[in-house]
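# okay, sequence plus prediction incoming.
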Amino acid sequence: MKAFNIYLCGVGGQGIGLLAEVLLRAIDYAGFPAKAVDTHGLAQRGGIVVSHLRYGDNIFSPMVPAGKSDLVVALERHEALRGAESMLQQGGTLIYYNTVLQPLGVRLGKDIEVSEELIEKFCESADIKLFAVADEDLADPRTQNIVVLAHINKLRLLPGVNREHMEKALGDLLAGSLLEKNLKLFDSLA
Amino acid sequence: MKDMGEMLLREEPFAEIVMGNTALVRAMVEAQTRVVTSYPGSPTPEIASAIRAIPADQRPFYFEFSTNEKVATEVAFGAALNGHLATVFFKSVGLNVTADTFVQLSLLNIPGGMVVVLGDDPGANSSQNEQDNRHYAYLSYTPIFEPAGPDEVYSYYLQAAALSQKLGKVVILRLTTHVCHAKETVAFRGYTPTEQDNTPRFSVKNGPYIPLTSAVYPMKERALRQLGEIEDWVDKRNLHTVVDNNSKLGIITSGLVYLSLLEVLGTVPPSKTKPDILKLAMVYPVPRHTIVGFLKKHEEVKVLEELDDELERSIKAIAYDLGLQTRIIGKNDMGDWIGEYTPEKVEHILHATWPDLLETPELPEPAGQTPARPPQMCPGCGHRSAFHAIGEALADEDITVADIGCHTLGFQEPYNLGELVLCMGASPGIGSGLSLFNTTRKVVAFLGDSTFFHAGLPGIINALFNNHNLTLVLMENGTTAMTGHQDHPASGRNFNEISEAIPIRQLLEGLGVPSIFETDTYKQEELRKIMRQAINEERFNVVIARHPCMLLFAKKQRKAKGTNPYQVHIDQKACEKITTCIAKFGCPSFVNNQTDGTITVNKDLCIGDGSCIPTCPSKAIKR
């Protein structure tokens, strides 16, 4: 299979790391060679968190070259736009969890908050398929990543990767009641 | 759930998706490493997380976080003198801290073997510079392996350990940020636990270990002689990789840059011949024999190396000595010296080198329209409360010096406190210098508690010794927060067990600090008062501004209770839009609703600490 490039982004604490690891393991269960790399460091302090994930044939670097992403997965609206602008190729897909964690400049009134419309306009101009997902009734914001995972499955955004692969991957990484809770949420939406 | 600890000790061969840092720990286990030490620093802390995954009673080696990188290196060295294979790991700039110790190691016979694992940071992702630590190899005659990904982290550590044990010599394994954090499937060999020999085998007969006068030259000679043996050893094991495309063009590279290069060469049109590649497993000593062979086969050779030009200079010198006619192309412009060699960077460099080889790369995207997102102190962070109160106690022209740690983030708006930072433990010394001849501007230095032990103490002692006039604020949060909450000497725990907490206040008293103030940073009024008093004393004094790390606290609380039950909200009737909460206190939990001008609280972020409540002049923040 031709290389498929995924770029994941969000804000520290949102669970990008887990989501990236689930996708990587799901891809592995689906039988594709894969490489990935996370950014760490200052991420935990409300900074930007990024994961690169690539699968298919002839993949060497774990890093997705800028502007060569087939899919951008974002857990926050500002990061969705930032990720799409810098990493998505024409005709690619953006899926994001439609929540806002205001960056410093927005809180201080120096920058304008990114709106849903701005993202829609950008995606239209760059021929990008756009999916904004959210679950108003979600009890725990730390499971927003699982909501996105479920929609990635439902929308078939990863070629050759299905629900069983994702469930097995979740089982690799979580245990006990935490696994149960996340699987239940995943199954209810996927 | 997959059990990482079980996996790291598994006796049968297996394959698993792992991070470079995890692959390293499996290699340590297989190599029968007995002692591992470190000081936490990105990109290496996950090495310790993997070690932690092995239950303490099954861990086949001893591990500790030492007080700093220098001590960590010394502990590993001492253990290796007793015959135990030892390893120390730390971040790029950690090598500066341990330099005094490190540069001696290569002169000494280390019977157990010793591997220094470096987490270098091209791109300065989480460091104050992107220094190229290969320079230290030249400085100290220490061989240096450079893996490209997790698979090679694993295999090169095994090679490094074997070489180190064979020669009784320190060996460097140089990782970089995206080698540490890259993930791929690695095929691991089996592991056979062996009987462990605890006999302390230190003997002066293995020395000399006293490098004084007449002993120094023979020790240096030995180190230099070993470089040739090392080159042969790597050659015989065929560790360097040659990709032969039968081209007149060649590229010499190493590490992760090799993978970026393969990525870019994948885009060369089939009508064109791809350049040949020599990928070096070991970049120092520069493998003369291998390089000469490669140069002779090519008309033009590009040296593709991240950061500085060590390989380029060595290769050009070799070619000059032999009168080789090969055109050697090194760095072209300043941009080639700066930043990580990502695939797109390599694409630009190759295109500049051989314009016909690749299609013209697309120009980098113009800056996007998304507002920047600088890292922030977490909701509830005690440092925020400290900066809020201290900012009110200081005059605009006063000088504030930061150190390394979460509190470094105070330099940002809205606090603007901690106006310069150098490296670990430097703030008391810099502050002392800033106070000389200075009778008009108060000097305040900030220092974290882990950094206090790491490298802060000499600066504090110097301030006392030489009667400097500054106020040191100890930002005490009880942990090494920035790197992932590792314990430090005042935590009351080390990596392995309970240990007596070293009381910072008593330590300062014992040093003779004439006045020590102390309060919890949530007590805004008191901290302001203390601060005003402290800066007006014409002598060195210390303010201990303590509050436990709330990121750690909130994590534990969520684990215990599920959620945060005590979140704050803003009483919209009481709110007078003074915006102290957003514009001055600056907790990221506050939301500036740009459409209607109201301020609300983001329930996904607020941890209910209430540190903001006393800062609202209208008393509109309520639980």
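In hand now; what should we look at?

# can you show me the strands along chain A?
In chain A, the strands defined using DSSP state E lie at A:4-11, A:34-38, A:48-55, A:69-74, A:88-97, A:129-133.

# show the average pLDDT along the fifth one.
Read that as strand A:88-97. If you average the pLDDT over strand A:88-97, you get 96.

# if we can go back for a sec, who wins for proximity to residue B:163 among the strands of chain A?
Nearest to residue B:163 among the strands of chain A is strand A:34-38 (27.9 Å), distances taken as Cβ to Cβ. Where C-beta positions appear, they are placed from N, C-alpha and C, glycine not excepted.

# can you add distance to residue B:322 and give the strands of chain A back as CSV?
As requested, the strands of chain A are arranged in CSV below (distance: least, Cβ to Cβ, whole Å):
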stretch, distance to residue B:322
strand A:4-11, 44
strand A:34-38, 39
strand A:48-55, 41
strand A:69-74, 46
strand A:88-97, 47
strand A:129-133, 58
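
# can I get those strands in TSV with mean neighbour count?
Output for these, formatted as TSV (neighbours: other Cβ atoms under 10 Å in any protein chain shown):
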stretch	mean neighbour count
strand A:4-11	26
strand A:34-38	25
strand A:48-55	25
strand A:69-74	26
strand A:88-97	20
strand A:129-133	16
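
# CA atoms only for the lowest-mean-pLDDT helix or strand in chain B - export them in CSV, please.
Within chain B, no helix or strand scores below helix B:550-561, which has a mean of 78 by mean pLDDT, DSSP states H and E. Output in CSV follows, covering the C-alpha atoms of helix B:550-561 (Å, rounded to 0.1, in the frame of the first residue of the first chain):
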residue,chain,number,x,y,z
MET,B,550,-0.9,20.8,41.3
LEU,B,551,-0.6,18.8,38.0
LEU,B,552,0.5,15.9,40.2
PHE,B,553,-2.1,16.7,42.8
ALA,B,554,-4.9,16.9,40.3
LYS,B,555,-3.9,13.7,38.7
LYS,B,556,-4.0,11.9,42.1
GLN,B,557,-7.3,13.5,42.9
ARG,B,558,-8.9,12.4,39.7
LYS,B,559,-7.6,8.9,40.2
ALA,B,560,-9.2,8.8,43.7
LYS,B,561,-12.5,10.7,43.0
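
# helix, strand or coil for the closest residue to residue B:356 other than its chain neighbours?
Closest residue to residue B:356 apart from its sequence neighbours, by Cβ to Cβ, 6 or more residues apart in numbering or on different chains: residue B:272 at 7.7 Å. Going by DSSP: H, G, I helix; E, B strand; the rest coil, the secondary structure assigned to residue B:272 is coil.

# state the pLDDT value of the nearest residue to residue A:19 once chain neighbours are set aside.
In this structure, residue A:19 finds its nearest non-sequential neighbour in residue A:145, 4.2 Å apart by Cβ to Cβ, 6+ apart. Residue A:145 carries a pLDDT score of 97 in this model.

# hang on, the earlier thing: so for residue B:573, which of the strands of chain A sits nearest?
When the strands of chain A are compared by Cβ to Cβ, strand A:4-11 sits nearest residue B:573, at 31.4 Å.

# contacts for the closest one next, please.
A:16, A:19-20, A:23, A:46-56, A:64-65, A:68-76, A:79-80, A:82-83, A:87-88, A:101, A:158-159, B:373 (Cβ atoms under 8 Å, 6 or more residues apart in numbering or on different chains).

# before we move on, what about stretch B:306-319?
Contacts to stretch B:306-319, defined as Cβ under 8 Å, 6+ apart, come from residues B:122, B:130-132, B:134-135, B:138, B:176, B:252, B:254-257, B:280, B:283-284, B:286, B:288, B:291-292, B:295, B:301, B:303, B:305, B:324, B:326, B:328, B:330-331, B:337, B:340-341.

# my read: residue B:111 touches residue B:204, true?
No - between residue B:111 and residue B:204 there is no contact under Cβ atoms under 8 Å: 11.9 Å.

# where do the helices sit along chain A?
Taking DSSP state H to define them, one finds helices in chain A at A:16-29, A:77-87, A:104-107, A:116-125, A:144-154, A:163-173, A:176-189.

# ok, and for the fourth one, which residues are buried?
By that I understand helix A:116-125. Neighbour-count burial for helix A:116-125 flags A:118-119, A:122-123 (criterion: 16 or more other Cβ atoms under 10 Å in any protein chain shown).

# JSON lines for these, including distance to residue B:225 and pLDDT?
Converted to JSON lines, these look like this (distance: Cβ to Cβ, whole Å; pLDDT from 0 to 100):
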{"residue": "A:118", "distance to residue B:225": "66", "pLDDT": "96"}
{"residue": "A:119", "distance to residue B:225": "64", "pLDDT": "97"}
{"residue": "A:122", "distance to residue B:225": "63", "pLDDT": "95"}
{"residue": "A:123", "distance to residue B:225": "64", "pLDDT": "96"}
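
# check these against chain B, which are close?
When Cβ under 8 Å from any Cβ of the partner chain is taken as the criterion, the members of the buried residues of helix A:116-125 that contact chain B are residue A:118.

# before we move on, the earlier item: out of the strands of chain A, nearest to residue B:166?
Taking Cβ to Cβ, strand A:34-38 is the member of the strands of chain A nearest to residue B:166, at 32.8 Å.

# which helices and strands sit right next to that closest one?
In terms of contacts (3 or more Cβ pairs under 8 Å, 6 or more residues apart in numbering or on different chains; DSSP states H and E), strand A:34-38 is packed against helix A:16-29, strand A:48-55, strand B:182-188.
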